[in-house]
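Chemist: what follows is a predicted structure for the sequence shown.
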Amino acid sequence: MKYFLDTYALIEIAEGSPKYQKYLESDAITLKDNLAELFYFLLKKYDEKTANFFLDKFAKLVVELPMAIIAKAMVFRHKHAKAKFSYIDCFGYVYAVESKRFFLTGDRAFKSMENVELVR
């Protein structure tokens, strides 16, 4: 299976959640923006060494956001304004759908969306 790992998923993997470990062996990708969110989270909760460790570990998963996704993601965000999705979540979700991947998250706001694998 092919997955897009959102920041929630990356945090769960970094913190050793058993529910998320199997996804490391999958065909998984993410964006630099998701790694930035992960880094900041780990920096606040742990320390810079831990944040850098996981930044390096997940760097191989990073793909470039195609320009065509930007407009589609912002249309998606506008259409779902009540859900208050972040820009980064919109980029990731639309990229996942466009590249025929499951959007892996624990964010309940995505529960009713297609192409979502919700793990809590």
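Modeler: Sure, I can see it. Numbers count the residues shown, from 1 in each chain.

Chemist: CA atoms only for the helix or strand of the chain with the lowest mean pLDDT - export them in PDB, please.
Modeler: Of all regular secondary-structure elements in the chain, judged by mean pLDDT, DSSP states H and E, the least confident is helix 18-21 with a mean of 95. Output for helix 18-21, consisting of C-alpha atoms alone and laid out as PDB, is shown next (Å, rounded to 0.1, in the frame of the first residue of the first chain):
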ATOM      1  CA  PRO A  18       2.900   0.300  17.900                       C
ATOM      2  CA  LYS A  19      -0.200   1.200  15.800                       C
ATOM      3  CA  TYR A  20       2.000   3.200  13.400                       C
ATOM      4  CA  GLN A  21       5.200   1.200  13.100                       C
END
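
Chemist: ranges for the strands of the protein?
Modeler: 2-5, 27-29, 102-105, 116-118 (DSSP state E).

Chemist: and those, which is most packed in?
Modeler: Most buried of the strands of the chain by mean neighbour count (mean count of other CB atoms under 10 Å) is strand 102-105; its value is a mean of 24. Bear in mind the C-beta positions are built from the backbone N, C-alpha and C, glycine included.

Chemist: that older thread, so how far is the least confident helix or strand of the chain off the chain centroid?
Modeler: Between the centre of helix 18-21 and the centre of its host chain there is 15 Å, according to CA atoms, centre = their mean, to the nearest Å.
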